[in-house]
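Chemist: Build the 3D model from these lines:
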Amino acid sequence: MAQVVLFHQLVQFSTCLGTDRVQDVVEVEPEGSETPPPPLLSKPPSVMQNPDPSLADIESRVQRSQRLEFDDGVALFQTTDYDTVRRLANMVRERLHGNETYHVVNRHINYSNICAGECSFCAFARRPGQEGGYTLSLSEIWDRTSRLEQEGVLEIHVVGSVNPEIPYPYYVDLVAGLRHRHPGVTIKAFSAVEVAHMAQGAGKPYADVLRDLKAAGIDALVGGGAEIFSQRVRKLLCPSKISAEIWLDVHRQAHRLGLKSNATMLYGHLETIEERVDHLLRLRSLQDETGGFLAFVPLPFHPENTSLSDISTPSPTDRLRTLAVSRLVLSNIPHIKCYWIASGIEAARSSLDWGADDLDGTVKDERIYHAAGAATPASIESDELVRLIRAAGRIPVTRDGLYRNTR
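Modeler: Residues are numbered from 1 along each chain as shown. This is a model prediction of the structure:
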């Protein structure tokens, strides 16, 4: 039986960055253990308080399916009435999806970790010439994906780095080769950061690169590279990365070409609550314009092996609250995904009461979060995801990369 990481809470609040922080105690279930799963974390032990009357207007508007705005998002992050936040997020989640919860059989291809970027939060990247750097050849990728159909894989997730040593045809040939070998599998590949890098290297506009990738067989872009849109934070975290405006424009161009994409937010490092809400609202605005986002994935910062290792990872309470606020603010993005690799398996199970309707998938061969110290298993079997979803009282639905029901 795969190892399962169980999160317990020792709650201690501080005012750091306007968020509550807790220290996680991580216990690893021994191999072969039959210990039953712990109770859901749907009500953290610190939240048994009187309802917050300042949330009454927000609750009224949520009940009437009216949009929340900036001040509402800030209030939801700042309140200690977590039970109301959870209840409202679950109301919206069930309004959209009932009890259904999505999952996918997918495989990750992290084709290279050699990167010219300078991101202080990243433990995956290696500088050109640095020990531990790698780039997979196309033949190595074909070998790694040779049994997708036998494994029941429905989605290939391809993401790597800003590698100055890779020529433009590599990316197009990678997609075309996967499409030729696996015509029925959804190919979700490359972040806006990688697309912008390809465009610069090839001397092409973003739209032309996206047309080339679409012609080769890509179905959707991944949502990575968004980090936090705040210019202040980006200057501190990733000064050489594309701006928020370019990230948004690459996705805008992709959506106009009929490609779908996900969106992310990396949180729990140097940002403020206000900067989190601004990030959500800028995504919502682009979704109003294009309708191309499939899912939003809030990603908790993992500090291990990064230059920000003195910062604590977001607490289980903050992770659940961020999912809930995301569901309430992002009224036009259909799915909220809890990425179990980043959150932990049991916290992911709890997330289904806090607005999430998707637990991602089997995530075979993921490297990026594990390089940053993620203690979760390297992958999980589909039947274990089904068990977790059912344990949360939800109905498992197998999907492909475009949320087409395959059950």
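Chemist: Enumerate every residue touching residue 121.
Modeler: For residue 121, the contacting residues are 227, 237-238, 266, 269, 301, 303, 306, 308, taking CB atoms under 8 Å, 6 or more residues apart in numbering as the criterion. Where C-beta positions appear, they are placed from N, C-alpha and C, glycine not excepted.
Chemist: how far away is residue 316 from residue 361?
Modeler: Distance, residue 316 to residue 361, using CB to CB, to the nearest Å: 22 Å.
Chemist: okay, the two: which has more neighbours?
Modeler: The residue with more neighbours, out of residue 316 and residue 361 and counting by other CB atoms under 10 Å, is residue 361; that gives 28 against 23.
Chemist: isn't that one right up against residue 108?
Modeler: No: because the distance of 9.5 Å does not satisfy CB atoms under 8 Å, residue 361 is recorded as not touching residue 108.
Chemist: In contact with residue 74, which residues are there?
Modeler: By CB under 8 Å, 6+ apart, the residues touching residue 74 are 273-274, 277.
Chemist: cutoff 10 Å now
Modeler: Listed by CB atoms under 10 Å, 6 or more residues apart in numbering, the contact set of residue 74 reads 18, 272-274, 276-278, 325.
Chemist: As a markdown table, the residues you listed with pLDDT would be great.
Modeler: Conversion of the contacts of residue 74 to a markdown table gives the following (pLDDT from 0 to 100):
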| residue | pLDDT |
| --- | --- |
| 18 | 34 |
| 272 | 97 |
| 273 | 98 |
| 274 | 98 |
| 276 | 98 |
| 277 | 98 |
| 278 | 98 |
| 325 | 98 |
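Chemist: Show me which of those residues is closest to residue 205.
Modeler: Within those, proximity to residue 205 (CB to CB) peaks at residue 278, which comes in at 27.7 Å.
Chemist: burial of the closest one, as a residue count?
Modeler: Residue 278 is flanked by 19 other residues according to other CB under 10 Å.
Chemist: what about it, distance to residue 71?
Modeler: Counting by CB to CB, the gap between residue 278 and residue 71 amounts to 12 Å.
Chemist: Which stretches in the protein count as strands?
Modeler: When secondary structure is read from DSSP state E, the chain shows strands at 5-11, 22-28, 100-104, 106-109, 155-158, 186-189, 220-221, 260-267, 293-300, 335-336, 358-361, 395-398.
Chemist: my read: residue 266 touches residue 306, true?
Modeler: No: with contacts defined as CB atoms under 10 Å, residue 266 does not count as touching residue 306, sitting 11.5 Å away.
Chemist: And the most centrally placed residue in the chain, what's its pLDDT?
Modeler: Most central residue of the chain, judged by C-alpha distance to the mean C-alpha position with CA atoms, centre = their mean, is residue 297 at 3.3 Å. We have a pLDDT of 97 for residue 297.
Chemist: ok, it - contacts?
Modeler: 222-224, 226, 262-266, 323, 326, 335-339, 342, 356, 358, 360.
Chemist: Restricted to buried residues, select the residues you listed in ChimeraX.
Modeler: Restricted to buried positions by 16 or more other CB atoms under 10 Å, the ChimeraX selection for the contacts of residue 297 reads:
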select :222,223,224,226,262,263,264,265,266,323,326,335,336,337,338,339,342,356,358,360
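Chemist: Give me the neighbour count for residue 291.
Modeler: 12.
Chemist: can you pull the contacts of it?
Modeler: Going by CB under 10 Å, 6+ apart, residue 291 touches 255, 260, 332-334.
Chemist: Next: residue 334.
Modeler: For residue 334, the contacting residues are 96-97, 287, 291, 293-296, 357-358, 403, taking CB under 10 Å, 6+ apart as the criterion.
Chemist: hmm, try it at 8 Å
Modeler: With contacts defined as CB under 8 Å, 6+ apart, the neighbours of residue 334 are 96, 294-295, 403.
Chemist: Of those residues, which is the most crowded?
Modeler: residue 295 (23 neighbours).
Chemist: how about the nearest residue to that residue, chain neighbours excluded?
Modeler: Among residues not flanking residue 295 along the chain, residue 335 sits closest, at 3.8 Å (CB to CB, 6 or more residues apart in numbering).
Chemist: Surely the one you found and residue 294 touch.
Modeler: Yes: distance between residue 335 and residue 294: 6.2 Å, which falls inside the contact criterion (CB under 8 Å).
Chemist: which residues are in contact with both of these two?
Modeler: Common neighbours of residue 335 and residue 294 (criterion: CB under 8 Å, 6+ apart): residue 403.
Chemist: Quick one: end-to-end distance for stretch 296-305.
Modeler: 26 Å (CA to CA, to the nearest Å).
Chemist: With distance to residue 153 and pLDDT as new columns, can the contacts of residue 291 be given to me in CSV?
Modeler: As requested, the contacts of residue 291 are arranged in CSV below (distance: CB to CB, whole Å; pLDDT from 0 to 100):
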residue, distance to residue 153, pLDDT
255, 26, 98
260, 19, 98
332, 30, 98
333, 25, 98
334, 23, 98
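Chemist: Pick the one among the residues you listed closest to residue 126.
Modeler: Taking CB to CB as the measure, residue 260 is the one of the contacts of residue 291 closest to residue 126, at 30.8 Å.
Chemist: What count of nearby residues applies to that closest one?
Modeler: Based on other CB under 10 Å, the number of other residues close to residue 260 is 21.
Chemist: residues touching it, list them.
Modeler: Residue 260 is in contact with 219-221, 254, 292-294, 402, counting by CB under 8 Å, 6+ apart.
Chemist: mind checking how far it is from residue 397?
Modeler: Computed with CB to CB, the distance linking residue 260 and residue 397 is 18 Å.
Chemist: Check residue 56 too.
Modeler: Residue 56 sits 34 Å away from residue 397 when distances are taken as CB to CB.
Chemist: Show me which of these two is the more surrounded one.
Modeler: Between residue 56 and residue 397, counted using other CB under 10 Å, residue 397 has the larger neighbour count: 20 against 11.
Chemist: Surely that one is in contact with residue 99?
Modeler: No: the pair residue 397 and residue 99 fails to qualify as a contact (CB under 8 Å) at a distance of 9.7 Å.
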